[in-house]
Structures are given as structure tokens and as C-alpha cells.
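Asks: How does the following fold in three dimensions:
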Amino acid sequence: MVQCSAVQCSAVQCSAVQCSAELCCAVLCCAVLCCAVLCCAVLCCAVLCCAVLCCAVLCCAVLCCAVLCCAVLCCAVLCCAVLCCAVLCCAVLCCAVLCCAVLCCAVLCCAVLYYAKLMYCILYYVMLCYYRLLFSPVNLWPVPCVCSLQEDNDTYILK
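Replies: Residues are numbered from 1 along each chain as shown. Alright, predicted model coming up:
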């Protein structure tokens, strides 16, 4: 059998014809060990990269979710404040319009009642004076009559 050097046996291809069984076994074990170390390194790198990537994606998702939730919450609070302000302003305005309408109606009703009583008093005075003029002597003018309102029973008296 031809012995080969360690430099020659460090090649990937190793045949039993070129090398002794012990040397081939050593080279093969070295190759397997190197492959295992390399595979372990690649696997560890993949796991580490995946962990870093997953962490970055998770952190970004959490951050984006927090920003989105904050924006939605702020928008909701702002919209609620605007809506409450609008409802309050509308209520105050409606109340003011209603109070103004009631007040105007009350003033108008009081004015109508006052002028109705005044017109009744004037008409009553004119009728009484006309009655005196018709039934008094020709040479006497009617005594001036005054219409006054008694406060106790709202009746008109000729004085």
C-alpha cells in the first residue's frame, strides 16, 4: 500500500487505495467534525438571525400597534369632546330660543289683555256718554263721565 501524506489526505476525496485505513478514518472524522462545526455555525447563525429578525418584527408590531391605538384613542377623545360641545351648545341655544319665545309670548299676551281692557273701557265710556246725551234735556250738556277700573272685581264704574 502506498502511504500518502497528511497534506494529500486533507483533500475532500479520500480513497482506501491511496491511504491507510487509519489515515482515511482520521481524515473522514476530521471532515465530519468540520462539517458538524460548520453546520452548527450555520444553524446558530440562522437561529440568531431569525431571533433578531423576529424580535425586530415583534418590536415594530408592538410599536406600530401602540402608535395606532394612541391615535385612535386621541381621535375618539377629540371626537367625543367636539360632539359633547356641539350637543351642549345646541342645548343652550335651544333653551335660550325657547325661553325667549315664552317670554315674548307672555309679554304679547299681557299687552293684548291690557289693550283689550282699555278698549272695553273706552267703548263703555263712549256708550254711556252717548246714552246721557240722548236722554238729557236739550239745554244741558252731559256731565263728563270717567271710566275707572275697580281692582277687586274688574268691573267698570261710571263716575
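Asks: how close does V112 get to A106?
Replies: 11 Å (Cβ to Cβ, to the nearest Å). Any C-beta I mention is one placed from the backbone N, CA and C, and that applies to glycine too.
Asks: next one: Y131
Replies: For Y131 relative to A106 (Cβ to Cβ), the value is 37 Å.
Asks: do L93 as well
Replies: In this view, L93 and A106 are 20 Å apart by Cβ to Cβ.
Asks: Next: V62.
Replies: With distances defined as Cβ to Cβ, the gap from V62 to A106 amounts to 65 Å.
Asks: So for Y131 and A106, which residue has more residues nearby?
Replies: Y131 (13 against 10; other Cβ atoms under 10 Å).
Asks: Show me which helix runs longest in the chain.
Replies: helix 21-135 (DSSP state H).
Asks: which other helices and strands contact that one?
Replies: Taking 3 or more Cβ pairs under 8 Å, 6 or more residues apart in numbering; DSSP states H and E as contact, the helices and strands that helix 21-135 lies on are helix 6-9, strand 147-149, strand 156-158.
Asks: please redo it, this time with the cut-off set to 7 Å
Replies: Using 3 or more Cβ pairs under 7 Å, 6 or more residues apart in numbering; DSSP states H and E as the contact criterion, the secondary-structure elements in contact with helix 21-135 are strand 147-149, strand 156-158.
Asks: Could I get the average pLDDT for stretch 76-95?
Replies: Averaged over stretch 76-95, pLDDT sits at 94.
Asks: Next: stretch 103-114.
Replies: For stretch 103-114, the per-residue pLDDT averages 95.
Asks: what residue ranges in this structure score low on pLDDT?
Replies: Across the chain, the ranges flagged by pLDDT under 70 are 1-28, 32, 136-159.
Asks: Kindly recompute the last result at 90.
Replies: Along the chain, segments meeting pLDDT under 90 span 1-52, 54, 57, 125, 127-159.
Asks: what about A116, distance to C109?
Replies: As judged by Cβ to Cβ, A116 and C109 stand 10 Å apart.
Asks: And C55, by the same measure?
Replies: C55 sits at a distance of 79 Å from C109 (criterion: Cβ to Cβ).
Asks: same check, this time on A51
Replies: Here the criterion is Cβ to Cβ. By it, A51 lies 85 Å from C109.
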